[in-house]
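Novice: model this:
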Amino acid sequence: MNNSEGVIKKFEELTYFDNLALLYVCRETPPHTLALVFLEGDPKITGSMLGVLDPKRREYIHSLMSQNKDIDPILREKARDGICLIAENLISRNLISKEGRFYFGKENSKNF
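Specialist: Next up, the predicted model:
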C-alpha cells in the first residue's frame, strides 16, 4: 500500500468505518473468518458488522459461531488480523477512503 496513513493496525480501528465500508469488509471476508472474529471481537464493531449482513448470511455465520465457540484463541486472533488485511486491501483498491480518522465506503463501488 502506498499510503501508510490508511493502514489498519488493529481490529479496533474498524470502529471508525461507516456501514458501507463495513459491508465491503464483510463481503470480502470468508464466513468462517467472520464467525471467529465475532466470537471475540469488540461487541460494538461486531454488532455493526452483523447489522450490515443480509439475514441468510447472518444466520449462517451464527451457526458457524456456535460450531467454533471452543476454538483456540490464537485462531481467533489470526482471524482479527486477517480482517485487518482485508480492510487494507479494500483501501488500496480505492473502495474505501480515509478522511481524518474515519473510513468511508465509496458509493459508486457498491457492485464491486
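Novice: ok, now which ones touch the spatially closest residue to residue 94 that is not a sequence neighbour?
Specialist: Spatial nearest neighbour of residue 94, chain neighbours left out: residue 106 (7.1 Å); criterion: C-beta to C-beta, 6 or more residues apart in numbering. Every residue, glycine included, has its C-beta placed from N, CA and C. Under the criterion of C-beta atoms under 8 Å, 6 or more residues apart in numbering, the contact list for residue 106 reads 20, 94-97.
Novice: Out of those, which end up buried?
Specialist: Burial by neighbour count, 16 or more other C-beta atoms under 10 Å: within the contacts of residue 106 this picks out 20, 95-96.
Novice: Mind checking which of those land in helices?
Specialist: Within the buried ones among the contacts of residue 106, residues falling in helices by DSSP state H are residue 20.
Novice: Against residue 70, how distant is the residue nearest the centre of the chain?
Specialist: For the chain, the residue nearest the mean C-alpha position is residue 25 (4.3 Å; C-alpha atoms, centre = their mean). Residue 25 is 26 Å from residue 70, where distance means C-beta to C-beta, to the nearest Å.
Novice: Low-confidence stretches in the protein?
Specialist: 1-6, 109-112 (pLDDT under 70).
Novice: residue boundaries of the strands in it?
Specialist: All strands of the chain, identified by DSSP state E, fall at 96-99, 102-105.
Novice: Kindly reformat those as a markdown table containing distance to residue 45.
Specialist: Output for the strands of the chain, formatted as a markdown table (distance: least, C-beta to C-beta, whole Å):
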| stretch | distance to residue 45 |
| --- | --- |
| strand 96-99 | 15 |
| strand 102-105 | 12 |
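Novice: Quick check: which of those is buried the most?
Specialist: Among those, the stretch with the highest mean neighbour count (mean count of other C-beta atoms under 10 Å) is strand 102-105, at a mean of 18.
Novice: Return the residues in contact with the nearest residue to residue 18 once chain neighbours are set aside.
Specialist: Once flanking residues are discounted, residue 18 sits nearest to residue 104: 5.0 Å by C-beta to C-beta, 6+ apart. Residue 104 makes contact with 18, 20-21, 96-98 under the criterion C-beta under 8 Å, 6+ apart.
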